[in-house]
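Colleague: Predicted structure and sequence below. I'll ask about it afterward.
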Amino acid sequence: MMSTVSRPRAAAGLGLIVLAVAAIVFPAVFSSPVVTNYAVYALIFVAVVSAWNLFSGFSGYISLGQAVFFGSGAYAVGIAARDWHINGVGVFALLPLAAAVGAVIAVPFGLVALRVRRHTFIVITIAVFFIFQLAAANFSFTGGSVGVAAPFLPWSPTEFNDRFYYITLACAVAAIVIAALVRRARFGLQLRAIRDDEDRARGLGVRTMRVKLSAFVISATITGLVGGVWFLYLTQVEPPSGFDPLFDLSLVLMAFLGGLGTISGPIIGALIIEPGQLYLTIKFTNGYASEILLGALFLLIVLFVPRGIVPTGGEWIRRLRTRGRPAVPPVPTAVPAPAPSEGSDAPVTEARR
Amino acid sequence: MSALLRTEDVRKAYGGVHALDSCTVEIEEGSVAGLIGPNGSGKTTLFNVITGYAKADEGQVYLADKKITNVTPDKVFALGIGRTFQLTRIFASLTVLENMLVASPNGRAAARKRAMEQLEFVGIHGHHAELAGTLSYGQRKLLELAYVLVADPAVILLDEPAGGVNLSLINHIAERIRELNAAGKTFLIVEHNMEFVMGLCDRVTVLDSGAVVAAGPPDIIRTDRRVLNAYLGEDLADDDPHPGEQA
């Protein structure tokens, strides 16, 4: 008989296999380029929001400057391909450069921004974001307001989206696996401790600056790489698209909708919001309709599921499972109670409130 | 016995308020030392200065003759000083076991084993899989003590361990302190519960307005007029002052 401990794990394992098979056969089932375009964008955001969550979700430092790494990764690939005259599928060899650029930018960015907390940190990330957007629009090597065009990829239009689907799927899976590994590791535990009480964590030996900066750099590295992939898919980058202020707001919305700090929550958020946003953009001629609806959705999330779908759903399931049971189950104690002190024969710990 | 932890002429001011004023305290190795004084006398500030949470304006802090003045909290912890807080500070969204592992310097398996041992020692191992935020206040106090113990510090600073907990738990905490002290741990305890302090401590230091007004064995401190004066606000010092060891 399957134990109660292994049953949820078996179900989760089965679910993962089903998801993996569905993800692999998706382009064969939905061959329309419109649908695969939705899927490619959704997977790009799954990868980036997982990377964002790895830092912001685990540590509680809400960054609104992730587009800095995304846009820089895109520009890095574009400028390198242009200046080094790289064409064809060889441009994919430049993706590590995009990741490296993200990481290199994250170090000084993090060393400055991570000295402050909460609102001040958010403001600094926004400020850095605008510095990069303005720089991209005004430097000649970034192509100014025109931006940079991607090198031609020798793929037929029918297979273009499918190939990018699998590339972005690989990026998304890699980002999710890295986020899950970080969360399980002591490093992830320290990040979550920082989220709860940073000063206390320091007092327990956690080198908070080192931990935060490491997570920030890992997050930026993944985001830079995905920015490079996005650039090759879109075939161009301009300052407003590479450094898009709505990019970070979308990430925050995805993470909050699904469940900040969880692994599956931001993924669910990205899979709901990004295709929805694309659909609304195409459906309505007014380009701002999707933003208005996203804003309304954010308000609804804050009002009704402030902790996100995954934590709230988990709580509902727990309530259903424990319905009819006592609110506070007795805690088994394996050790004998210590010898009573003078004047006391009371139990060891006080009763739970 | 020699002084394991020592502060020398430590001064700390917040604006115009002198929280600590030439504060010199010595904690002998293997002792349980008490630190008492009226509210606002500088007890927690002294804890904060020792553990790096606040910077001393002047003066020095030594651990086994090594200067640790204004060293950051993570380094102070690594050097062997652990502390708890007056209002418990736990990681509410982590499980009880995860709280323990945050402070653990060991590898995964060894860390879990040691963490469970410490939880068992303080008596809350049955809650190891629960979120720490669901614990009662008393259980949180025990968790704080347990996760400080994980890294096996030489000196443990407890800020009001008996504050806000019931009598049975106070006795339980006192027993655990005695056991740890018998195993060689040195304690410095801030506490308002005089029975707890006098019954547990080898030596008590009294602070008032940031300065040490008396220090000595509990029996002497209990009747020291300067101490009564500090607590009761009466000018009793002129009437037959009791010979406390240090003024």
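Modeller: Perfect, I can see it now. Because the structure is a prediction, the values reported are computed rather than measured.

Colleague: and B:R11, what does it touch?
Modeller: By CB atoms under 8 Å, 6 or more residues apart in numbering or on different chains, the contact list for B:R11 reads B:H18, B:L20, B:D21, B:S22, B:C23, B:A56, B:D57, B:E58, B:G59. In short, each C-beta sits where N, CA and C put it, glycine included.

Colleague: Pull out the buried residues from those residues.
Modeller: B:H18, B:L20, B:D21, B:C23, B:A56, B:G59 (16 or more other CB atoms under 10 Å in any protein chain shown).

Colleague: List the contacts of the second one.
Modeller: Looking back up the chat, that one is B:L20. The neighbours of B:L20, taking CB under 8 Å, 6+ apart as the test, are B:V10, B:R11, B:K12, B:G42, B:T45, B:L46, B:V49, B:A56, B:G59, B:G210, B:A211.

Colleague: What distance do you get for it to B:G199?
Modeller: To B:G199, B:L20 is 27 Å away according to CB to CB, to the nearest Å.

Colleague: For chain B, see how far away the closest residue to A:I267 other than its chain neighbours is.
Modeller: Nearest residue to A:I267 in three dimensions, chain neighbours excluded: A:V46, at 5.3 Å (CB to CB, 6 or more residues apart in numbering or on different chains). From A:V46 across to chain B, the span is 24 Å (CB to the nearest CB, to the nearest Å).

Colleague: pretty sure A:V46 is touching A:L271, no?
Modeller: Yes: assessed by CB atoms under 8 Å, A:V46 is found in contact with A:L271 at 6.7 Å.

Colleague: pLDDT and distance to B:G138 added to the contacts of B:R11, as a markdown table?
Modeller: Shown next, in a markdown table, are these (pLDDT from 0 to 100; distance: CB to CB, whole Å):
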| residue | pLDDT | distance to B:G138 |
| --- | --- | --- |
| B:H18 | 89 | 35 |
| B:L20 | 93 | 30 |
| B:D21 | 91 | 35 |
| B:S22 | 89 | 37 |
| B:C23 | 92 | 31 |
| B:A56 | 93 | 33 |
| B:D57 | 94 | 36 |
| B:E58 | 94 | 38 |
| B:G59 | 94 | 36 |
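
Colleague: next one: phi and psi at residue 186?
Modeller: If you meant another chain, say so; for now it's chain A. Dihedral angles of A:R186 (phi, psi; degrees, to the nearest 10) stand at phi -60, psi -30.

Colleague: Actually, chain B is the one I wanted.
Modeller: Backbone torsions for B:T186, taken as degrees, to the nearest 10, come to phi -100, psi 140.

Colleague: Mind listing the residues bridging to it?
Modeller: Per DSSP bridges, the residues bridged to B:T186 are B:V155.

Colleague: neighbours around residue 114, how many?
Modeller: Picked chain A for this. 21 (other CB atoms under 10 Å in any protein chain shown).

Colleague: Switch to chain B, please.
Modeller: By other CB under 10 Å, neighbour count at B:R114 equals 19.

Colleague: Would you mind checking the average pLDDT for the helix or strand where it lies?
Modeller: Taking DSSP states H and E as the definition, B:R114 sits inside helix B:108-122. Averaging pLDDT along helix B:108-122 gives 88.

Colleague: Enumerate every residue touching the residue in the stretch 1-150 of chain A positioned nearest to chain B.
Modeller: Per CB to the nearest CB, A:G60 is where the stretch 1-150 of chain A lies closest to chain B, at 9.6 Å. By CB under 8 Å, 6+ apart, A:G60 lies in contact with A:I194, A:R195, A:D196, A:G261.

Colleague: cutoff 10 Å now
Modeller: Taking CB atoms under 10 Å, 6 or more residues apart in numbering or on different chains, we find A:G60 in contact with A:117-118, A:121, A:191-192, A:194-198, A:212, A:260-261, B:93.

Colleague: Could you do A:G71 as well?
Modeller: Per CB under 10 Å, 6+ apart, neighbours of A:G71: A:102, A:129, A:132-133, A:136, A:142, A:223-224, A:227, A:230-231, A:237-244, A:247.

Colleague: In chain B, where is pLDDT below threshold?
Modeller: Chain B contains residues with pLDDT under 70 at B:1, B:106-107, B:232-247.

Colleague: residue contacts, B:I68?
Modeller: Contacts for B:I68 (CB under 10 Å, 6+ apart) come out as B:L5, B:I50, B:T51, B:G52, B:Q60, B:V61, B:Y62, B:K75, B:V76, B:L79, B:G80, B:I81.

Colleague: tell me which of these is nearest to A:V173?
Modeller: B:K75 (39.3 Å; CB to CB).

Colleague: Give me the neighbour count for that closest one.
Modeller: Counted with other CB under 10 Å, residues neighbouring B:K75 total 14.

Colleague: and the helix or strand where it lies, how far from the chain's centre?
Modeller: Assigned by DSSP H and E, B:K75 belongs to helix B:73-79. Averaging C-alpha positions (CA atoms, centre = their mean, to the nearest Å) puts helix B:73-79 15 Å from its chain's average.

Colleague: That helix packs against which elements?
Modeller: Using 3 or more CB pairs under 10 Å, 6 or more residues apart in numbering or on different chains; DSSP states H and E, the elements in contact with helix B:73-79 are helix A:186-203, helix A:208-234, strand B:58-63, strand B:81-83, strand B:155-159.

Colleague: Which one of the contacts of B:I68 is nearest to B:N229?
Modeller: Closest to B:N229, out of all of the contacts of B:I68 and judged by CB to CB, is B:I50, at 26.3 Å.

Colleague: Let me see the contact set for the residue lying closest to that closest one once chain neighbours are set aside.
Modeller: Of all residues not flanking B:I50 in the chain, B:V61 sits nearest, at 5.5 Å (CB to CB, 6+ apart). B:V61 sits next to B:5-8, B:10, B:25, B:46, B:49-52, B:67-71, B:76, B:81 when contact means CB under 10 Å, 6+ apart.

Colleague: rerun at 6 Å
Modeller: Applying CB atoms under 6 Å, 6 or more residues apart in numbering or on different chains to B:V61 gives the contacts B:T7, B:I50, B:I68, B:T69.

Colleague: Just the ones of these in strands?
Modeller: B:T7 (DSSP state E).

Colleague: For the stretch 151-300 of chain A, list the residues in contact with chain B, please.
Modeller: The interface of the stretch 151-300 of chain A toward chain B, taken as CB under 6 Å from any CB of the partner chain, is made up of A:L189, A:R192, A:A193, A:D196, A:D197, A:R200, A:R202, A:G203, A:L204, A:G205, A:R207.

Colleague: most surrounded residue in these?
Modeller: Neighbour tally across these (other CB under 10 Å): the maximum, 28 neighbours, falls on A:A193.

Colleague: That residue contacts B:V102, correct?
Modeller: Yes: counting by CB atoms under 6 Å, A:A193 touches B:V102, with 4.5 Å between them.

Colleague: hmm, back to that, kindly compare burial across the helices and strands packed on helix B:73-79 and name the winner.
Modeller: A comparison of the helices and strands packed on helix B:73-79 by mean neighbour count, using mean count of other CB atoms under 10 Å in any protein chain shown, puts strand B:81-83 on top with a mean of 27.
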